[in-house]
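*Asks:* Sequence first, then the predicted structure, then my questions.
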Amino acid sequence: MVDNPDKLNVICLQKFVSLLKSDQLIWKKQLEEDIENIQHNQNRYSRQLLNYHQPHFLQYFRHGFGPLNSMLSDHLINYLATNDHLNDYTLSLFSSNITCLRRIAINVKYLSRLQCHIFNQHPHLIQLDITFQDHNSIRTNPKAIELFYQHVCPSIDSSFDKIFNVYSPMILHHKYSSLQHESRRASTSSNSPSIYTLWSSEEFSHHKILNEILSNIHPMTIERLKSLSLSHYKFFTSSNTTPARQYSAADMSPIAKFSTRYASSMTTPVNSIPTNLLLLLKFNNLTALNISSTDLRTPCFDIIINTLDKLDTLDLSSCRSIKLFNSLLRLSSKLKWLNLSNCSFNFQQNPTIYHILYELKSLEYLDLSNDIPVNESNIHPIIDLNSDLNRFLSDTHCLPRLKHFDISGLKTVSSISLNKFLLNHSNLQFLGLFLTNEKYSPCVFDSNDLCYSKYRHYTYDIQHIAQIALTENDLVLYEPYLIEALKRYQHRHVFVQKILSYFFFLTRSFQSKQAHLLIELIHHIMSLHTNIQSIQMASTACLYNLTRTPIIEQIHVKHLAQIVNATMDVMETFPTHQQLQKNCILILCSDRILHEAHFKFHLLATLVMQNLHNYTDLAIIQTGVAILSLLTTRLTIDECTHLGSVTNLKRLLQVIEQQIDRLQTMQITENQQANVPHNEQTINDIDMLLNNPPQLASDDTLRFCLSLLWNLTDENAVVCENFIQSMGLELFQRLLHLFTSDTIVLTKIVGLLSNIAEVPHLKTCLYSIGIVSSIQKYINEAVLDVAFSATGIFAHLLYDQKDDEIDFDLCKQMMNAIRSWQNPHTNMVTYRSFKPFLPLLYCTHIPVVQLWAIWAMHHVCSTDRNRYVRMIHEENILEIIHALYDDQLSNDDPDTFLLELLQSILHLVKRYDSNHRHKSSAVAS
């Protein structure tokens with residue numbers, strides 16, 4: 001149910017993008033086929049625009065039947081960028097006749113420069129945020145290249161000539177890699193060109209993309225643009241080679257003569273400036289500029305400040321190449337928002353950075369936080385009240401308009417100077433105190449303190465509290481401030497890792513008061529720092545605490561799916577990190593997660609199975625088989641076939657053998673602790689194990705392994721055959737001797753054997769090792785679960801026998817047993833379908849075979865009517881039941897027991913149909 005406009009907006013965007021992606025796949029597949037055909041024709045192609053059929057949805061949208069206003073246009077392009085759907089293909093949507101862009105944030109991760117000219121059509125742009133954080137260098141391994149290929153797609157507006165030049169290396173590399181993977185051998189074809197090697201294209205260069213965007217901006221946008229962000233862009237990176245240097249640099253001498261006094265601080269000649277920086281300078285009406293995490297140097301920074309003199313918002317965070325900040329004084333009367341986090345002030349002397357900041361009287365936002373790791377020997381520096389920082393804070397006239405002030409990570413802040421600062425800034429709305437050695441805590445917690453404000457937000461830490469001394473009150477007190485810190489510092493991995501470690505210790509013993517919010521934040525953190533092992537380790541440790549029983553019962557299923565997806569990403573990214581894999585598996589081992597959450601079941605099963613192969617850690621093995629046994633009930637038959645390979649089955653059977661050995665060792669150890677002499681006891685134990693093995697009590701790991709094998713072989717002839725090939729029957733024969741009194745183990749063993757009995761060409765394998773004679777006794781002597789499956793095995797074996805081969809004593813034994821069974825109120829077994837029963841229903845020459853099939857169907861229909869009655873309809877079995885019922889009625893000597901079962905099934909079907917029609921009528925009305 002949609003209960004708010006924002007949710008409706010997201011749903012509409014998701015639907016729009018799904019239609020767009022469907023069209024994109026058609027277009028991309030068509031291109032792949034054409035480029036591959038050209039390659040097979042010895043790289044000869046016509047340099048003409050080929051006549052492609054435009055996909056229906058895109059064609060309809062581009063014809064202007066659904067133009068979008070500026071708000072919807074901005075929402076759409078921002079949604080595409082945020083969810084990694086923005087590429088040349090989707091960018092082609094934003095022509096000016098159907099969209100109107102004003103405030104946009106784009107990610108160049110999957111863009112080439114071919115489609116950037118589209119921004120020339122939008123004269124009303126006032127805000128442009130371009131993200132360059134996903135640097136080209138990530139495309140250096142096959143996995144990264146394949147991921148990149150999955151997201152990129154050329155525009156339908158580009159000529160085939162350009163598309164071929166830019167995209168053909170990727171398409172052919174992708175095709176070749178796929179074929180190589182499928183055939184599992186390297187291609188030796190003479191037609192394999194050099195483009196099959198790892199590719200790179202200048203058309204995806206960040207420098208060329210930015211140059212194309214800024215060069216094609218509409219002339220009116222040059223005057224109107226107020227906000228520009230180029231975060232993480234590297235202006236000087238391309239200067240490593242001579243051609244690149246010629247491209248990226250231009251003569252700056254006419255514009256930068258005033259900067260020659262800073263020449264000594266530059267690593268490149270003073271008369272060169274990146275071309276893209278020159279393009280930036282033409283936006284002389286900018287009021288907000290974000291050049292955080294760029295490689296700009298002091299002279300370039302001076303040029304920016306002197307040219308863009310209307311700036312009131314400036315983000316210089318992590319600009320470590322800027323050494324001097326004197327130019328900020330030119331903005332002293334204008335600058336309201338300044339971020340200097342992680343900047344280096346070591347060279348800023350006379351005046352110091354604090355003297356410069358003191359002159360910026362209009363500042364309302366100032367961030368001086370620092371999360372760059374410090375020297376271990378300097379973790380607790382001496383706090384000097386006369387330091388520049390503390391004198392800055394203590395000054396009565398220091399930044400009177402300040403509302404947001406972040407000094408997190410500054411170790412030399414004095415609580416005394418902090419107190420004075422707060423007394424002079426009663427309107428301060430936020431103060432960042434995370435990982436500062438001294439804090440003025442009364443301003444946060446004491447409502448009677450003069451510095452206290454209930455409207456002020458803080459980031460805080462608990463480094464002053466010993467881990468063993470943490471109490472539930474600490475969780476209540478500090479959790480809001482740690483959550484505030486996690487929100488604000490989510491992109492700063494040093495802070496994030498520390499925050500998560502605090503949350504781990506707090507939630508290890510106490511239940512979070514904001515678990516849902518915390519899970520969402522951690523999930524987002526994990527997606528931001530996918531390749532940072534320490535962040536993933538801390539995140540998974542926190543998630544484990546937040547998903548333990550009974551806490552997990554209160555978590556929404558949406559968050560459960562987020563947890564699983566994030567955990568699977570970690571397992572894929574760090575396959576060889578044992579502790580991290582263990583964290584993930586412990587999180588996932590939950591009935592609620594595995595039964596209710598929606599995710600890629602087969603992918604998770606594959607990842608867990610890889611862990612069983614890679615590690616011998618008992619915690620990983622025990623938890624892994626538990627996950628797989630629950631997960632296989634949600635897999636398709638094809639997926640079970642893939643999971644039930646000979647290699648995987650051999651590993652599972654090896655785990656079972658290891659568990660048997662461990663249980664036997666435990667039993668011997670227990671016996672040795674009895675009052676029998678050590679030597680005599682050991683001899684007795686050896687003799688007993690060799691000649692008359694004692695009965696063992698199973699554990700959870702063994703039970704889960706058997707359940708897993710039972711599920712994998714269900715209606716799966718291939719897995720059954722793999723099981724036999726892996727010597728599974730021989731091991732199960734041993735299990736039958738060791739666990740004759742363990743009904744849970746027997747149920748699973750006999751259940752799996754019944755799956756094999758359902759496969760016509762494998763039935764004889766049950767006779768070959770004498771396992772049939774071992775289970776006949778269970779028809780009468782075992783509990784109903786075991787007796788039911790054992791009888792089913794013989795029903796399938798009898799079905800193929802000729803009249804002269806039928807064991808009538810066995811038939812009588814089975815008949816008496818079935819007639820004595822009381823139908824339980826809960827399911828003994830679960831079926832994928834009734835297909836294995838169809839031949840048995842027609843087996844009239846051996847009545848007990850037909851009777852067992854009818855009893856089994858009646859049992860599951862009576863205990864889970866909705867599922868199995870629907871299955872009866874879907875598989876057209878109702879007609880067979882009616883026919884059998886009519887035959888019994890017309891029979892002079894009907895089987896009253898069978899007749900009652902058939903009548904009960906028909907009654908259950910009738911009740912189900914009646915209820916279903918009633919519900920349908922209610923919905924329609």
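*Replies:* Noted; the coordinates are in hand. Computed from a predicted model, the values in this text were never measured in an experiment.

*Asks:* Now do stretch 637-655: everything it contacts.
*Replies:* If you take Cβ atoms under 8 Å, 6 or more residues apart in numbering as the criterion, stretch 637-655 is touched by 601-602, 605-606, 609, 612-613, 621, 625, 628, 632, 635, 701, 705, 708-709, 711-716, 718-719, 722-723, 725-728, 731, 832. (Glycine included, C-beta is placed from N, CA and C.)

*Asks:* domain ranges for this protein?
*Replies:* Here the domain parsing of the chain from the TED database is 49-160, 739-821, 842-924.

*Asks:* In a markdown table, list the ones you listed along with mean pLDDT and distance to Gln30.
*Replies:* Conversion of those to a markdown table gives the following (pLDDT from 0 to 100; distance: least, Cβ to Cβ, whole Å):
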| stretch | mean pLDDT | distance to Gln30 |
| --- | --- | --- |
| domain 49-160 | 82 | 6 |
| domain 739-821 | 91 | 43 |
| domain 842-924 | 88 | 37 |
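
*Asks:* could you dump the ones you listed to CSV with distance to Val496?
*Replies:* Shown next, in CSV, are the domains of the chain (distance: least, Cβ to Cβ, whole Å):
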stretch, distance to Val496
domain 49-160, 16
domain 739-821, 45
domain 842-924, 45
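
*Asks:* For Val444, find the nearest of those.
*Replies:* With Cβ to Cβ as the criterion, Val444 lies closest to domain 49-160 of those, at 33.3 Å.

*Asks:* distance between that closest one and the chain's centre?
*Replies:* Relative to the mean C-alpha coordinate of its chain, domain 49-160 is positioned 24 Å out (Cα atoms, centre = their mean, to the nearest Å).

*Asks:* Restricted to buried residues, select the contacts of stretch 637-655 in PyMOL.
*Replies:* Applying 16 or more other Cβ atoms under 10 Å to the contacts of stretch 637-655, the buried members can be selected in PyMOL as follows:
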select buried, resi 601+602+605+606+609+612+621+625+628+632+635+701+705+708+709+711+712+713+714+715+716+718+719+722+723+726+728+731
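
*Asks:* So which of the contacts of stretch 637-655 belong to strands?
*Replies:* In strands, judged by DSSP state E, none of the contacts of stretch 637-655 are found.

*Asks:* So which of the contacts of stretch 637-655 belong to helices?
*Replies:* Among the contacts of stretch 637-655, the members found in helices (DSSP state H) are 601-602, 605-606, 609, 612-613, 621, 625, 628, 701, 705, 708-709, 711-713, 718-719, 722-723, 725, 728, 731.

*Asks:* where along the stretch 301-450 of the chain do the strands fall?
*Replies:* 313-315, 337-339, 365-367, 404-406, 430-432 (DSSP state E, counting those that start in this stretch).

*Asks:* how far out from the middle of the chain is the helix or strand Gln664 falls within?
*Replies:* Following DSSP states H and E, one finds Gln664 within helix 646-672. In terms of Cα atoms, centre = their mean, the centre of helix 646-672 is found 34 Å from the chain centre.

*Asks:* ok, and for the lengthiest helix in the chain, which residues are buried?
*Replies:* In the chain, taking DSSP H as the definition, the longest helix is helix 5-40. Residues of helix 5-40 classed as buried: 13, 16-17, 19-20, 23-24, 26-28, 31-32, 34-35, 38-39 (neighbour count, 16+ other Cβ under 10 Å).

*Asks:* what is the mean pLDDT for it?
*Replies:* For helix 5-40, mean pLDDT rounds to 83.

*Asks:* Quick check: what element follows it along the chain?
*Replies:* For helix 5-40, the following helix or strand on the C-terminal side (DSSP H and E) is helix 56-60.

*Asks:* what is the orientation angle of whichever helix or strand comes after that next one with helix 5-40?
*Replies:* Next in sequence after helix 56-60, counting helices and strands by DSSP H and E, comes helix 70-82. Here the directions of helix 70-82 and helix 5-40 differ by 60 degrees (axes from the mean of the first three to the mean of the last three Cα atoms, to 10 degrees).

*Asks:* And the contacts of helix 70-82?
*Replies:* Under Cβ under 8 Å, 6+ apart, the answer for helix 70-82 is 9, 13, 16-17, 68, 85-86, 90-91, 93-94, 99-107, 124, 131.

*Asks:* elements contacting the helix or strand that comes right after that helix?
*Replies:* Using DSSP H and E, the helix or strand that follows helix 70-82 towards the C-terminus is helix 88-91. Counting contacts by 3 or more Cβ pairs under 8 Å, 6 or more residues apart in numbering; DSSP states H and E, helix 88-91 is packed against helix 5-40.

*Asks:* Tell me how far the helix it packs on lies from the chain's centre.
*Replies:* The answer for helix 5-40 is 22 Å, by Cα atoms, centre = their mean.

*Asks:* and that helix, what does it pack onto?
*Replies:* Looks like helix 5-40 contacts helix 56-60, helix 70-82, helix 88-91, helix 160-183 (3+ Cβ pairs under 8 Å, 6+ apart).

*Asks:* For the nearest residue to Asp449 once chain neighbours are set aside, which residues are in contact?
*Replies:* Sequence neighbours aside, Pro442 is the residue nearest to Asp449 in space, at 3.9 Å (criterion: Cβ to Cβ, 6 or more residues apart in numbering). Counting by Cβ under 8 Å, 6+ apart, Pro442 touches Asp449, Cys451, Tyr452.

*Asks:* I'd guessed the second one sits against Asn419; true?
*Replies:* Yes. Using Cβ atoms under 8 Å, Cys451 is in contact with Asn419, at 6.3 Å.

*Asks:* list residues touching both of those two?
*Replies:* Tyr440, Cys443.

*Asks:* what helix or strand is Arg540 on?
*Replies:* No, residue 540 isn't Arg; it's Thr. helix 533-546.

*Asks:* Give the rounded mean pLDDT of that helix.
*Replies:* Mean predicted lDDT for helix 533-546 stands at 96.

*Asks:* tell me which strands and helices the next helix or strand after it is in contact with?
*Replies:* Counting by DSSP H and E, the next helix or strand C-terminal to helix 533-546 is helix 557-573. With contacts taken as 3+ Cβ pairs under 8 Å, 6+ apart, helix 557-573 sits against helix 515-528, helix 533-546, helix 578-588, helix 591-596, helix 601-614.
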